[in-house]
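>>> what would the 3D arrangement of this be:
(one chain, ligands or ions: 1)
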Amino acid sequence: MPKYFKIIALALLLNGSVFAQDTLKSYANKIPMNIGACVDSNFYQNNQAYITVLNREFNTVVCQNEMKADALEPTQGVFTFTTADKLVAYAQQNNMKIRGHTLVWYNQNPSWLANGNWTRTTLLAAMKEHISGVLGHYKGKIFEWDVVNEAFDDSGAGARRSCFWQNVIGDDYVDSAFTYAHQADPAALLFYNDYSTCTINAKSTAIYTMIKALLANRVPINGIGFQSHQQVSDSSASLYANMKVNFDRFAALGIKLSITELDVRMLLPSTQTQLNAQAYVYKVFMQLALAEPSCRTFMMWGFTDKYSWIPSTFPGQGAALIYDENYQPKPAYTALFDVLKTPLAVAPPPFAGPSVAAHGAARLSFDNLSNSVVVRGGKTAHPVHLEMFDLRGSKIAEAYVPGDCRVPVSSFGVAQGTYILRAEGNGAMMRMHTTK
Ligand code: XIL
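Prediction:
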């Protein structure tokens, strides 16, 4: 091999680019976070450009339409899983997780269900049969289900949506749906999912009140899905703060928070200003997800503008996703990538204890071979206080060690992962990837 080839090979090797490609997924896996998009079997079959991006960037998928009631139970009691099963097989082959969407909704129902002549008892029985049929079939394969979708209307009064579920059964159709789902797949995480709920308003407050009551009544609900169908006009400086207070109140209920259908639409044709505003909104959502320990799932409603529900649903609008129609990354992609790359969204709190004078100026490094933290230059007479944070800024371990030593990761008792380590005193910090 000519010498300059060797040099190039060595440079690539050192750079890591031969082995690992930095993608949304590569960073998300370290946190860990489920990051993904909705798909449709028509998109990922025989479309190499689409498949390349999907497999490279995402670790999670959800069906855009193929797991809705009209698709899975077109005739009462007769289930058609063939198309949805293809996605499950595809995801499993490609090492991706699957979100389930959706079981009980006012929309996209088969006519026997939407137009049936129901009583409360017969409709509850039909609901139970649908949920048991679907969850029974996918048991153990789908980690998170949208059990009830869009039960509230847009009146601004936080009212329940008028639909056959509500009108025939009453408010407690939601309770029953979650109860049936839990019976059918006790391990699946069960979500309530809705839109226009990211900030505090009448609808999000009504949902908050409902979930609180469901939990008090021991109804098996595990999380809230924020659909997050946004617009570039949402890009205000207060977006993060307005969402944070809302997310925090749901997190305080002890449930999981998932971003389930994010897209950020704009009037067409798109302009650079709009694309930048869109990138800002995507960035804020990712910052918020990282800052919220109970938010581990970040799904977009597609990833390429080639396939998006926006143009047909909101005429004149579009360009809502992070890749353009030719699979080129947009500023929104870069915004997500950059936030995920430096995920310490919340800076560790300032020191409370003694400073450099007492502890010395310790230097930190990480030794991959021995999977140990190396501390140099601290005062030997006084132990160095090491604090370990996860990538969301929560302290997960600490240790007092001599000023000049090697500390095996095992002594911190943490799982393999990426952490921030800080030495009290001069505040030396490093990001470390443990090897075991
Ligand atoms: C949309 C799909 O993207 C479209 O293809 C379909 O025609 C209508 O439904 N909220 C939801 C999703 O929960 O199921 C919707 O998906 C978008 C809004």
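>>> make it CA atoms for all contacts and neighbour counts henceforth
Noted.
>>> could you report the neighbour count for residue 136?
14 (other Cα atoms under 10 Å).
>>> contact partners for it?
Neighbouring residues of residue 136 by Cα atoms under 8 Å, 6 or more residues apart in numbering: 184, 185.
>>> close to the ligand: what parts of the stretch 201-350 of the chain are there?
Neighbours of the ligand within the stretch 201-350 of the chain, by Cα under 6 Å from any ligand atom: residue 309.
>>> for the ligand, what is the nearest residue in the stretch 201-350 of the chain?
Closest to the ligand within the stretch 201-350 of the chain is residue 309: 4.6 Å, counting by Cα to the nearest ligand atom.
>>> kindly list the main-chain dihedrals of that residue?
phi -80, psi -10 (degrees, to the nearest 10).
>>> got the contact list for it?
Here residue 309 is in contact with no residue (Cα under 8 Å, 6+ apart).
>>> dump the residue contacts of the residue nearest to residue 143 when sequence neighbours are not counted.
Leaving aside its chain neighbours, residue 143 sits nearest to residue 188 (5.2 Å; criterion: Cα to Cα, 6 or more residues apart in numbering). Contact analysis of residue 188 by Cα under 8 Å, 6+ apart lists 139, 140, 142, 143, 144, 145, 182.
>>> I'd like the distance between residue 188 and the ligand.
Going from residue 188 to the ligand by Cα to the nearest ligand atom, to the nearest Å gives 19 Å.
>>> and what of residue 116?
22 Å.
>>> need the three-state assignment for that residue.
Under DSSP: H, G, I helix; E, B strand; the rest coil, residue 116 falls in the coil class.
>>> nearest to the ligand among the contacts of residue 188?
The nearest member of the contacts of residue 188 to the ligand, counting by Cα to the nearest ligand atom, is residue 145 at 11.9 Å.
>>> where's the closest one, which helix or strand?
strand 144-149 (DSSP states H and E).
>>> what helices or strands is that strand leaning on?
strand 97-104, helix 173-184, strand 189-194 (3 or more Cα pairs under 8 Å, 6 or more residues apart in numbering; DSSP states H and E).
>>> strand partners (parallel or antiparallel) of the first one?
Looking back up the chat, that one is strand 97-104. strand 60-63 (parallel), strand 144-149 (parallel) (DSSP bridges).
>>> as a markdown table, these with mean neighbour count and distance to the ligand would be great.
Shown next, in a markdown table, are the strands paired with strand 97-104 (neighbours: other Cα atoms under 10 Å; distance: least, Cα to the nearest ligand atom, whole Å):
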| stretch | mean neighbour count | distance to the ligand |
| --- | --- | --- |
| strand 60-63 | 26 | 9 |
| strand 144-149 | 23 | 6 |
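>>> could those go into a markdown table alongside distance to residue 320 and mean pLDDT?
Output for those, formatted as a markdown table (distance: least, Cα to Cα, whole Å; pLDDT from 0 to 100):
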| stretch | distance to residue 320 | mean pLDDT |
| --- | --- | --- |
| strand 60-63 | 18 | 98 |
| strand 144-149 | 22 | 98 |
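>>> so which of the contacts of residue 188 is the most crowded?
When the contacts of residue 188 are compared by neighbour count (other Cα under 10 Å), residue 145 ends up highest, at 24 neighbours.
>>> that one against residue 99, yeah?
Yes - because the distance of 5.9 Å satisfies Cα atoms under 8 Å, residue 145 is recorded as touching residue 99.
>>> figure out which of the strands paired with strand 97-104 is closest to residue 84.
Nearest to residue 84, of all the strands paired with strand 97-104, is strand 60-63, at 7.5 Å by Cα to Cα.
>>> helix or strand: which one has residue 282?
Going by DSSP H and E, residue 282 is part of helix 272-291.
>>> checking residue 420 next. Helix, strand or coil?
strand.
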